[in-house]
Each structure stands twice: as C-alpha cells, then as structure tokens.
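S.K.: Return a 3D structure for these sequence lines:
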Amino acid sequence: MLAFALEALVIDAGFQIAGVAGKLETALAIIERGVCDAAILDANLKGVSAGPAASALAARGIPFIILSGYSLDQRQTAFAGAIHLQKPCRPERLIEALRGILPAE
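M.R.: Just a heads-up that it's a prediction; the model follows:
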C-alpha cells in the first residue's frame, strides 16, 4: 500500500515510473531493463535486504535514494553514498531529493 502511495506522489510531482517493486527480484529485473534514471529504494524488501539492488544501481551509475525505517547508523555498506531519508519522511523532502539526484534537463 505504501508503494502505491509513493508511486502516486512521484507521478503527481511530474515524474514517470519505470516500475514498482515489492520484492528484490522485481527490483533487480527493473534495474536490468535499464529504463530508469534514478530510484527510490527501501533498505528492506519483504524481509530481504535491498543491498543487491543498491549495488546493481551503483554499478550502472544510476543515482538512488534510500527511504527506510532504518537509521543512518544501521545503513549497510551497499547503500553508502546514497541520500538516506528516514521514514516517516515529508513528501516534499522526498521529491526535493529526487529532483536533486536527477540530471538537469
């Protein structure tokens, strides 16, 4: 349910969505297709670390934001270098961060 609310927020802000992933395998498939310019990633996808997705994004040079209930101190090394926003997060802060990691058009 949170993913759908996040999707609506991002679309309302004028962005296009390449996909929504609730599971690591889905996230990796979206990344593999190479159709995204940036990503918002939870540190945990249905009880599984999203570290492999973060590593795949970093390997492709795709910027990403970690939106997680985990604190910055609990962040895994795979998430290093990404903007870290802790849940709950103000919607405007997330959109501002997303605009900040995307290349200017």
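
S.K.: Quick one: classify the residue most central in space within the chain as helix, strand or coil.
M.R.: Here the mean C-alpha position of the chain is nearest to the C-alpha of residue 40 (CA atoms, centre = their mean), at a distance of 1.5 Å. For residue 40, the assignment made with DSSP: H, G, I helix; E, B strand; the rest coil gives strand.

S.K.: give the contact list for it.
M.R.: For residue 40, the set of contacting residues under the criterion of CB atoms under 8 Å, 6 or more residues apart in numbering consists of 6, 10, 64, 65, 67, 94, 98. C-beta coordinates here come from the backbone N, C-alpha and C atoms, glycine included.

S.K.: ok, the fifth one touching residue 41?
M.R.: Yes: under the criterion of CB atoms under 8 Å, residue 67 lies in contact with residue 41, with a separation of 7.1 Å.

S.K.: Could you check how many residues crowd around residue 82?
M.R.: Other residues near residue 82 come to 21 when the count uses other CB atoms under 10 Å.

S.K.: Against residue 4, how distant is it?
M.R.: Here the distance between residue 82 and residue 4 works out to 23 Å (CB to CB, to the nearest Å).
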